[in-house]
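>>> after the sequence you'll find the predicted model.
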Amino acid sequence: MATRLSARHRDQRGFVFPSPVVMLSIIAVAMAGIAFVATRGGEPTEREITTISAKETPSAAPSTPAAGPTKKPKPAKPPVKRSEVYVEVYNNSGITGLAGTVSDRAGQAGWQVVGSDNWVGTIPASTVYYPRRLERAAKLLALDLGIDRTMPAVDPMRLDRLTVILTGPLD
């Protein structure tokens, strides 16, 4: 009879559904794989800060007029007034007093520093964050402080000022 019972079990076919936890785990792993493939190579854009010296500026008047239609030059943007731009400085490093030191440095350069504190989060490098209308000011502040990275501001940063987040000492 034992042989009859085991033969009977071999002939039966069926499918056992895994527990909901296993199913959710499989779905989570599949979604993570899809997200990884979809976002691969999409590194954040970083902007290089360059300066133009007076020697490199092109001459104002061309020697001969060019044939064809002439384009009107764009009006020059007014210079950034450091004293009219609010700046907040945050320390995202383990160095005590770093935000205060850099705040003093920015204030001495003419920026209107309105606060300094610690920042909790993951920032890859010292960065000046800016709202769209203050992009030129952010690049100038980055030059003044020796910071190589500028990025558009994100939540919870305020959109009426520049936000400096430090990850280490500045040169």
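In hand now; what should we look at?

>>> so residue 103 makes contact with residue 97?
No: when contacts are counted by CB atoms under 8 Å, residue 103 is not listed as touching residue 97 (10.0 Å). C-beta: built from backbone N, CA, C; applies to glycine.

>>> overlap of the contact sets of those two?
With CB atoms under 8 Å, 6 or more residues apart in numbering applied, the contact sets of residue 103 and residue 97 do not overlap.

>>> more crowded one of these two?
Shown here are residue 103 and residue 97; by other CB atoms under 10 Å, residue 103 has more neighbours (23 against 10).

>>> check contacts around the more buried one.
Contacts for residue 103 (CB under 8 Å, 6+ apart) come out as 87, 89, 113, 116.

>>> the host helix or strand of the second one packs against which elements?
Translated: residue 89. With elements taken from DSSP states H and E, the one containing residue 89 is strand 86-91. Judged by 3 or more CB pairs under 8 Å, 6 or more residues apart in numbering; DSSP states H and E, the packing partners of strand 86-91 are helix 98-108, strand 112-118, strand 162-166.

>>> nearest to residue 75, out of those?
For the helices and strands packed on strand 86-91, proximity to residue 75 was assessed by CB to CB; strand 162-166 is nearest, at 24.5 Å.

>>> fine by me, we can end here.
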